[in-house]
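[1] coords please:
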Amino acid sequence: MLSYLPGVDLKPNRFGSPGFPVYGYDIRVIDEGTGEEVPRGEKGVLVVEPPLPPGCLSTVWGDDKRFVQSYFSSFKELLYTSSDWAVRDEDGYFFILGRTDDVINVAGHRLGTREIEEAIQSHAAVAEVAVIGVADKVKGQVPVGFCRLKDPAQLDAAGATERMEKEIIAKVQELLGAVAKPHAVHFVSALPKTRSGKLLRRSIQALAEGRDPGDLSTLDDPNSLEEVRRAIEHH
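    I've put the predicted structure just below:
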């Protein structure tokens, strides 16, 4: 849907952006609640106004109703929803912020986990991060981060873990506000992933909430999930 078109459009690449709508796609960013197009620079849901160009999936095999309910029933207007959060900047570049279902509800505020992850990863020491929402009696959910540092030896000194955690929480508060700051930040040497490289967020969340992590048949490194468990227990 979004791409750069070298040889056709000479606009330069912009870091973090997949580019512009490919010919045939009428793409918008709209408000989740009102269905109205949001101003440039504001977050909304990425949608496509039909008709979709040739080559797009036109139904779910044997279940047209499910196709319409899944992709065309989110808004009053007939729009195909990508289920992605997005922003369009002043120059027309699109940025994908994450899936709309990767959202946590903190005291009534809907926060995208990817936005919090990007804020954490802006800290110079962080190599990789996963953020999940953990159930909380007061706020509904609170964000919790799991970080892999570029140099784990940074945590060897006395009190270094606590200092690093405070620095990362402060960085998120600075960039996104107090409502988005993590309730806790845990440090691990590896994040649990499938053999294809996909983060096992649901399993991490289950461990953080004291539940069974579920099916782990695709887990690449069993030690990574055990390390998450130990990090939670020792925090």
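
[2] Tell me the helix or strand right after the helix or strand of the chain with the lowest mean pLDDT.
    In the chain, the helix or strand scored least confidently by mean pLDDT, DSSP states H and E is strand 109-112, which has a mean of 84. Counting by DSSP states H and E, the element after strand 109-112 in chain order, helix or strand, is helix 113-121.

[3] Check the offset of the following helix or strand past that following helix from the chain's centre.
    Downstream of helix 113-121, the first helix or strand assigned by DSSP H and E is strand 126-136. From the chain centre to the centre of strand 126-136 is a distance of 10 Å (C-alpha atoms, centre = their mean, to the nearest Å).

[4] tilt between strand 126-136 and helix 113-121?
    130 degrees (axes from the mean of the first three to the mean of the last three C-alpha atoms, to 10 degrees).

[5] In the sheet, which strands lie alongside strand 126-136, parallel or antiparallel?
    Strand 126-136 sits in its sheet next to strand 140-149 (antiparallel), going by DSSP bridges.

[6] CA atoms only: put the partner strand into PDB for me.
    Extracted in PDB, the C-alpha atoms of strand 140-149 (Å, rounded to 0.1, in the frame of the first residue of the first chain):
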ATOM      1  CA  GLY A 140      -6.800  -1.200  34.600                       C
ATOM      2  CA  GLN A 141      -3.400  -1.800  32.900                       C
ATOM      3  CA  VAL A 142       0.100  -0.500  33.300                       C
ATOM      4  CA  PRO A 143       3.000  -0.700  30.800                       C
ATOM      5  CA  VAL A 144       5.900  -2.900  31.700                       C
ATOM      6  CA  GLY A 145       9.100  -3.100  29.700                       C
ATOM      7  CA  PHE A 146      11.600  -5.800  29.000                       C
ATOM      8  CA  CYS A 147      15.000  -4.600  27.700                       C
ATOM      9  CA  ARG A 148      18.100  -6.100  26.200                       C
ATOM     10  CA  LEU A 149      21.000  -3.700  26.600                       C
END
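
[7] pLDDT averaged over it, what's the number?
    Mean pLDDT, computed over strand 140-149, is 96.

[8] So for it, what gets flagged as buried?
    For strand 140-149, burial by neighbour count (16 or more other C-beta atoms under 10 Å) applies to 141, 142, 143, 144, 145, 146, 147, 148, 149. In this view, the C-beta of every residue, glycine as well, is placed from N, C-alpha and C.

[9] Could you do stretch 170-181 as well?
    For stretch 170-181, the neighbour count (16+ other C-beta under 10 Å) marks 171, 172, 176, 180, 181 as buried.

[10] Longest helix in this protein, please.
    Criterion DSSP state H: the longest helix present in the chain is helix 160-176.

[11] Provide the contact partners of the helix or strand that comes right after that helix at residue level.
    Sequence-wise, the next helix or strand downstream of helix 160-176 (DSSP H and E) is strand 184-187. When contacts are defined by C-beta atoms under 8 Å, 6 or more residues apart in numbering, strand 184-187 is touched by residues 120, 144-149, 152, 155, 161, 164-165, 168-169, 228, 231-232, 235.

[12] mind running it again at 10 Å?
    With contact meaning C-beta atoms under 10 Å, 6 or more residues apart in numbering, strand 184-187 is reached by 120, 123, 125-126, 129-131, 134, 142-149, 152, 154-155, 160-161, 164-169, 172, 204, 208, 227-228, 230-232, 234-235.
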